[in-house]
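**Q** just a sequence and a predicted model for now, questions to come.
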Amino acid sequence: MADFKILGVSGGTRKGSFNTLALRAAQELAPAGVVIDLADVSDLPLYDEDLRLAGYPPATQRFRQQVKEADAILFATPEYNYSVSTALKNAIDWASRPPEPPFSGKPVGMVSAATGPMGGVRAQFALRQMLVSLNAFPINNPQVMITFAASKFDESGRFTDETGRELLQKHVEELVKWGKRLKG
């Protein structure tokens, strides 16, 4: 039984997504008693208020329930045009609507992986802005931006950058501490 449950949400939907691989590394590096489950947001329909008013589609109900049941959220976001991916924004939109938006009050961590020298820093900035409207509470440090991601994962998808692994492990540890502190 897990002492603390984190829901990993990747904005990368392609096979071999570096962001999904980063979440798998976080699973591997999580402290004892911490479980990181991964949400699949690839099957969520595009957000449509008419659809929501007619009743949340099953895939969106599933995702909202996963967010609700988690003690914390760990986002992994690629950077698309200085922001998060469409898949991640769409998932956030579905889970931000009434009744009882499940992100409200949640501790949140965020990592990003990108093939360029910025490592997704602008996507994290955009995500941080969204978290304000969600009433979610992100940790601030350590920040994890995986730069030149194509060179930091081996053929089997293992995150091989030792400094990055240490930062990711510390990020998860800080997320757990923050989550336990917010629970009181």
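**A** Cool, got the structure. Only a predicted model underlies this, so the values are computations on that prediction, with no experimental measurement involved.
**Q** when you work out contacts or count neighbours from here on, use the C-alpha atoms and nothing else.
**A** Will do.
**Q** straight-line length of stretch 34-48, end to end?
**A** In stretch 34-48, first residue to last residue: 35 Å (C-alpha to C-alpha, to the nearest Å).
**Q** just the strands in this protein please.
**A** Here the chain has its strands, by DSSP state E, at 4-10, 34-39, 72-77, 107-113, 137-138, 144-146.
**Q** which strands or helices does the fifth one pack on?
**A** The criterion is 3 or more C-alpha pairs under 8 Å, 6 or more residues apart in numbering; DSSP states H and E, and the helices and strands that strand 137-138 contacts are strand 107-113, helix 121-134.
**Q** contacts for the first one, please.
**A** With contacts defined as C-alpha atoms under 8 Å, 6 or more residues apart in numbering, strand 107-113 is touched by 18-19, 22, 71-79, 119-121, 123-124, 136-139, 143-149, 168, 171-172, 175, 178-179, 182.
**Q** sheet partners, orientation included, of it?
**A** strand 72-77 (parallel), strand 137-138 (parallel), strand 144-146 (parallel) (DSSP bridges).
**Q** what's next to the longest one, contact-wise?
**A** Going back to what we said before, that points to strand 72-77. With C-alpha under 8 Å, 6+ apart, strand 72-77 has contacts from 5-12, 19-20, 22-23, 67, 84-85, 88, 106-113, 120, 123-124, 175-176, 179.
**Q** for the record, mean pLDDT for that strand?
**A** For strand 72-77, mean pLDDT rounds to 98.
**Q** from the middle of its chain, how far away would that strand be?
**A** Computed by C-alpha atoms, centre = their mean, to the nearest Å, the chain-centroid distance of strand 72-77 equals 2 Å.
**Q** could you give the bridge partners of the most centrally placed residue in the chain?
**A** With distances taken as C-alpha atoms, centre = their mean, residue 75 lies nearest the centre of the chain, 1.3 Å away. Per DSSP bridges, the residues bridged to residue 75 are residue 9, residue 110.
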